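K.L.:
here is a sequence with its predicted model. Questions after.
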Amino acid sequence: METKIYSEKQIKEVAEFLISGEVVCFPTETVFGLGVVFDNEEAFAKLVAVKRRPADKPFTLMCADLEDIEKYAKINSKTKEIIKQFMPGPLTIIVDVHDNVPSWVTLNTGSIGIRISSLDLVRNLIRQCGKPLLVPSANRAGETPAYSAEEAYNIFAGDIPAIIDGVATSHVPSTIIKISKNELTLIRQGTISFEEIKKIWED
């Protein structure tokens, strides 16, 4: 497979690859990400293969807009406040999902991490697809993520058709929190501090 680097102006072309079930790579405000449309099981299998990742580790569901989250996830009022304060941005929230998210996406757990990037490029790409993407960091399992299109090309050339040019800005992965039965748990500390999130949650 030939791998090409596309400019931000060519988002429609890259979206066509996603819609047809391919894996593509693009910058976010944290690190470069790999993406597939969330509801295509063959694309999901390709993503697992490209990442060389254990099949028992779920991917993040990335949405374009705040109002999209409730279409796929069960959100209470406290969670809404966290979303309002910190999204779009480098925060992933693990929450229970509705039945329109296939069970193989959540690995039969009924929950998934959801994120909205603060980068216009990413949100526009998702809008072009008309549905959320599953997005892990752009690296092979256990290796360092790509921070530039060139690094991504060196890792994935021949495995994916498209990489969107650009650079990741923070180089720090998103903070991950889990919200379950009205409990808030820190899974991974990123640029947004857990203390800030807890303050909103408790207020």
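P.N.:
Sure thing, it's come through.

K.L.:
which pLDDT does the model give the spatially closest residue to residue 169 that is not a sequence neighbour?
P.N.:
Among residues not flanking residue 169 along the chain, residue 29 sits closest, at 5.2 Å (C-beta to C-beta, 6 or more residues apart in numbering). In short, each C-beta sits where N, CA and C put it, glycine included. Per-residue confidence at residue 29 stands at 91 (pLDDT).

K.L.:
what of the one 10 residues further on?
P.N.:
According to the model's per-residue confidence, residue 39 sits at a pLDDT of 96.

K.L.:
hang on, it in a helix?
P.N.:
No: counting by DSSP: H, G, I helix; E, B strand; the rest coil, residue 39 is not part of a helix but coil.

K.L.:
my read is that it contacts residue 104, right?
P.N.:
No: between residue 39 and residue 104 there is no contact under C-beta atoms under 8 Å: 9.9 Å.

K.L.:
quick one, what contacts residue 1?
P.N.:
Going by C-beta atoms under 8 Å, 6 or more residues apart in numbering, residue 1 touches 158, 159, 160, 161.

K.L.:
for the residues you listed, which single residue is the most surrounded?
P.N.:
Ranked by neighbour count (other C-beta atoms under 10 Å), those have residue 160 at the top, with 25 neighbours.

K.L.:
which residue sits closest to that one in space, ignoring its chain neighbours?
P.N.:
Closest to residue 160 by C-beta to C-beta, 6+ apart is residue 23, at 4.7 Å.
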